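Peer 1: got a predicted structure here, sequence first:
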Amino acid sequence: MSKTSTCQITSIASRVTSLKANNDDLIRSSRSQRAAGAGDRVVELKRPLGVVLEEDEQGNVYVDTVAPLGNAARTGIVKKGDVVVMCSATFGDQLWSCRGCGLPRVLSAIKVRAGPTITLVLERPEESVKRASFSKKAKEAQEQARMKAQQKKDALLKELNEDEKRLKKGFFGLW
(Lines give C-alpha, C1' and ligand atoms only; values in the text may rest on other atoms or scores of the structure.)
Protein backbone atom coordinates (compact mmCIF):
# COMPACT_ATOMS: atom_id res chain seq x y z
CA MET A 1 0.00 0.00 0.00
CA SER A 2 1.41 3.40 -0.93
CA LYS A 3 2.00 6.25 1.48
CA THR A 4 -0.62 8.39 -0.32
CA SER A 5 -3.37 5.78 0.00
CA THR A 6 -2.48 5.25 3.67
CA CYS A 7 -2.84 9.01 4.27
CA GLN A 8 -6.18 9.04 2.42
CA ILE A 9 -7.49 6.11 4.47
CA THR A 10 -6.32 7.79 7.68
CA SER A 11 -8.02 11.03 6.61
CA ILE A 12 -11.29 9.26 5.81
CA ALA A 13 -11.15 7.30 9.08
CA SER A 14 -10.62 10.51 11.07
CA ARG A 15 -13.60 12.17 9.33
CA VAL A 16 -15.82 9.16 10.08
CA THR A 17 -14.66 9.17 13.72
CA SER A 18 -15.31 12.92 13.93
CA LEU A 19 -18.81 12.52 12.46
CA LYS A 20 -19.57 9.67 14.90
CA ALA A 21 -18.40 11.82 17.82
CA ASN A 22 -20.60 14.69 16.60
CA ASN A 23 -23.54 12.28 16.25
CA ASP A 24 -22.97 11.03 19.82
CA ASP A 25 -23.05 14.65 21.05
CA LEU A 26 -26.26 15.19 19.10
CA ILE A 27 -27.84 12.07 20.62
CA ARG A 28 -26.88 13.14 24.15
CA SER A 29 -28.24 16.66 23.74
CA SER A 30 -31.47 15.57 22.07
CA ARG A 31 -32.34 13.01 24.77
CA SER A 32 -33.23 15.77 27.21
CA GLN A 33 -35.70 17.46 24.85
CA ARG A 34 -39.40 17.03 25.53
CA ALA A 35 -40.77 19.13 22.67
CA ALA A 36 -40.07 19.63 18.99
CA GLY A 37 -37.86 22.52 17.93
CA ALA A 38 -38.80 25.38 15.64
CA GLY A 39 -37.40 23.81 12.46
CA ASP A 40 -38.51 20.24 13.12
CA ARG A 41 -40.99 18.39 10.89
CA VAL A 42 -43.84 17.34 13.17
CA VAL A 43 -46.64 15.08 11.99
CA GLU A 44 -49.65 13.85 13.94
CA LEU A 45 -50.96 10.54 12.62
CA LYS A 46 -54.12 8.61 13.39
CA ARG A 47 -53.85 4.89 13.98
CA PRO A 48 -53.02 2.80 11.98
CA LEU A 49 -50.03 4.92 11.02
CA GLY A 50 -49.46 3.45 7.56
CA VAL A 51 -45.68 3.16 7.81
CA VAL A 52 -43.16 0.35 8.15
CA LEU A 53 -40.31 1.29 10.46
CA GLU A 54 -36.81 -0.20 10.44
CA GLU A 55 -33.63 0.29 12.50
CA ASP A 56 -30.15 1.22 11.25
CA GLU A 57 -26.83 0.11 12.74
CA GLN A 58 -26.72 3.09 15.16
CA GLY A 59 -30.14 2.21 16.59
CA ASN A 60 -31.94 5.05 14.79
CA VAL A 61 -35.42 4.22 13.56
CA TYR A 62 -36.33 5.25 10.03
CA VAL A 63 -39.33 4.96 7.71
CA ASP A 64 -38.75 2.00 5.41
CA THR A 65 -42.09 2.09 3.62
CA VAL A 66 -45.05 4.46 3.46
CA ALA A 67 -48.33 2.67 2.66
CA PRO A 68 -49.79 4.38 -0.43
CA LEU A 69 -53.29 4.77 1.03
CA GLY A 70 -52.29 4.96 4.70
CA ASN A 71 -52.62 7.84 7.13
CA ALA A 72 -48.94 8.79 6.76
CA ALA A 73 -49.23 9.08 2.97
CA ARG A 74 -52.33 11.28 3.29
CA THR A 75 -50.36 13.90 5.23
CA GLY A 76 -47.74 14.25 2.50
CA ILE A 77 -45.10 14.89 5.18
CA VAL A 78 -43.80 11.38 5.82
CA LYS A 79 -41.28 10.15 3.22
CA LYS A 80 -39.33 6.93 2.83
CA GLY A 81 -35.97 7.24 4.60
CA ASP A 82 -37.13 9.78 7.21
CA VAL A 83 -35.53 9.26 10.62
CA VAL A 84 -37.92 9.20 13.59
CA VAL A 85 -36.30 11.62 16.05
CA MET A 86 -39.11 11.90 18.62
CA CYS A 87 -42.47 10.27 19.26
CA SER A 88 -45.37 10.87 21.60
CA ALA A 89 -44.94 10.02 25.25
CA THR A 90 -47.32 7.50 26.81
CA PHE A 91 -49.82 10.28 27.57
CA GLY A 92 -49.94 14.07 27.42
CA ASP A 93 -48.33 16.47 24.96
CA GLN A 94 -44.69 15.70 25.71
CA LEU A 95 -42.48 13.97 23.18
CA TRP A 96 -39.89 11.29 23.83
CA SER A 97 -36.52 11.45 22.10
CA CYS A 98 -35.93 8.16 20.34
CA ARG A 99 -32.66 8.96 18.58
CA GLY A 100 -30.48 5.85 18.83
CA CYS A 101 -32.96 3.96 21.05
CA GLY A 102 -33.76 1.12 18.68
CA LEU A 103 -36.87 -0.20 16.98
CA PRO A 104 -38.32 -2.25 19.89
CA ARG A 105 -38.44 0.78 22.21
CA VAL A 106 -40.02 3.03 19.58
CA LEU A 107 -42.63 0.44 18.67
CA SER A 108 -43.42 -0.07 22.36
CA ALA A 109 -43.85 3.68 22.85
CA ILE A 110 -46.22 3.86 19.88
CA LYS A 111 -48.16 0.78 21.04
CA VAL A 112 -48.73 1.99 24.63
CA ARG A 113 -49.62 5.55 23.62
CA ALA A 114 -52.98 6.56 25.06
CA GLY A 115 -55.30 8.15 22.54
CA PRO A 116 -56.07 7.79 18.85
CA THR A 117 -53.10 9.79 17.49
CA ILE A 118 -49.32 9.57 17.56
CA THR A 119 -47.06 12.58 17.09
CA LEU A 120 -43.76 11.95 15.33
CA VAL A 121 -40.86 14.32 14.70
CA LEU A 122 -39.11 13.36 11.48
CA GLU A 123 -35.76 14.27 10.00
CA ARG A 124 -34.17 13.58 6.62
CA PRO A 125 -30.83 11.73 6.88
CA GLU A 126 -28.97 14.72 5.43
CA GLU A 127 -30.56 16.96 8.07
CA SER A 128 -29.06 14.79 10.80
CA VAL A 129 -25.57 15.31 9.32
CA LYS A 130 -26.21 19.08 9.29
CA ARG A 131 -27.45 18.99 12.89
CA ALA A 132 -24.36 17.07 13.96
CA SER A 133 -22.10 19.68 12.37
CA PHE A 134 -24.16 22.48 13.94
CA SER A 135 -23.84 20.68 17.26
CA LYS A 136 -20.06 20.69 16.85
CA LYS A 137 -20.06 24.38 15.89
CA ALA A 138 -22.30 25.26 18.83
CA LYS A 139 -20.02 23.36 21.20
CA GLU A 140 -16.97 25.20 19.82
CA ALA A 141 -18.73 28.56 20.14
CA GLN A 142 -19.74 27.73 23.71
CA GLU A 143 -16.14 26.81 24.56
CA GLN A 144 -14.84 30.06 23.03
CA ALA A 145 -17.40 32.08 25.00
CA ARG A 146 -16.39 30.28 28.18
CA MET A 147 -12.71 31.00 27.55
CA LYS A 148 -13.44 34.67 26.79
CA ALA A 149 -15.48 34.99 30.00
CA GLN A 150 -12.67 33.36 31.99
CA GLN A 151 -10.13 35.80 30.50
CA LYS A 152 -12.37 38.73 31.39
CA LYS A 153 -12.81 37.39 34.93
CA ASP A 154 -9.04 36.96 35.30
CA ALA A 155 -8.42 40.53 34.08
CA LEU A 156 -10.97 41.93 36.53
CA LEU A 157 -9.48 39.96 39.43
CA LYS A 158 -6.02 41.21 38.53
CA GLU A 159 -7.29 44.81 38.45
CA LEU A 160 -9.04 44.30 41.80
CA ASN A 161 -5.86 42.91 43.40
CA GLU A 162 -3.84 45.88 42.10
CA ASP A 163 -6.41 48.32 43.53
CA GLU A 164 -6.28 46.55 46.91
CA LYS A 165 -2.47 46.81 46.96
CA ARG A 166 -2.67 50.55 46.23
CA LEU A 167 -5.20 51.04 49.01
CA LYS A 168 -3.01 49.22 51.54
CA LYS A 169 -0.11 51.60 50.79
CA GLY A 170 -1.91 54.56 52.26
CA PHE A 171 -4.89 56.85 52.13
CA PHE A 172 -5.95 56.46 48.45
CA GLY A 173 -2.26 56.24 47.49
CA LEU A 174 -1.71 59.93 48.34
CA TRP A 175 0.65 59.41 51.33
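Peer 2: Thanks, I have it. What you see is a predicted model; the values in this text were computed from it and never measured. Residues are numbered from 1 along each chain as shown.
Peer 1: what's the spacing between Lys136 and Arg47?
Peer 2: Distance of Lys136 to Arg47, given as CB to CB, to the nearest Å: 38 Å. Heads up, the C-betas are built off the backbone N, CA and C, glycines and all.
Peer 1: between those two, which one's more packed in?
Peer 2: Between Lys136 and Arg47, Lys136 has the larger neighbour count (other CB atoms under 10 Å), namely 17 against 13.
Peer 1: for my notes, confirm that one occurs in a helix.
Peer 2: Yes: residue state for Lys136 (DSSP: H, G, I helix; E, B strand; the rest coil) corresponds to a helix.
Peer 1: quickly note the distance from it to Glu143.
Peer 2: Counting by CB to CB, the gap from Lys136 to Glu143 is 11 Å.
Peer 1: what's the answer for Leu53, then?
Peer 2: According to CB to CB, Leu53 stands 37 Å off from Glu143.
Peer 1: same check on Leu156?
Peer 2: For Leu156 relative to Glu143 (CB to CB), the value is 21 Å.
Peer 1: try Gly59
Peer 2: 28 Å.
Peer 1: okay, the two: which has more neighbours?
Peer 2: Neighbour tally, Gly59 and Glu143, criterion other CB under 10 Å: the higher count belongs to Gly59, 15 against 10.
Peer 1: Three-state assignment for Gly81, please.
Peer 2: coil.
Peer 1: so it sits against Tyr62, correct?
Peer 2: Yes: judged on CB atoms under 8 Å, Gly81 makes contact with Tyr62 at a distance of 6.2 Å.
Peer 1: now the element after the lowest-mean-pLDDT helix or strand in the chain, going C-ward?
Peer 2: Ranked by mean pLDDT, DSSP states H and E, the helix or strand of the chain with the weakest confidence is helix 3-31, at a mean of 48. Next helix or strand after helix 3-31 toward the C-terminus (DSSP states H and E): strand 41-46.
Peer 1: who does that next one touch, helix- and strand-wise?
Peer 2: Contact here means 3 or more CB pairs under 8 Å, 6 or more residues apart in numbering; DSSP states H and E; on that basis strand 41-46 packs against helix 71-75, strand 117-123.
Peer 1: can I get those in CSV with distance to Ser108?
Peer 2: As requested, the helices and strands packed on strand 41-46 are exported to CSV (distance: least, CB to CB, whole Å):
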stretch, distance to Ser108
helix 71-75, 19
strand 117-123, 12
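Peer 1: can you report how many residues neighbour Glu44?
Peer 2: 12.
Peer 1: if you could redo that for Leu45, that was the one I meant.
Peer 2: If we define neighbours as other CB under 10 Å, then Leu45 has 22 of them.
Peer 1: from Arg124, how far out is it?
Peer 2: Per CB to CB, Leu45 is found 18 Å from Arg124.
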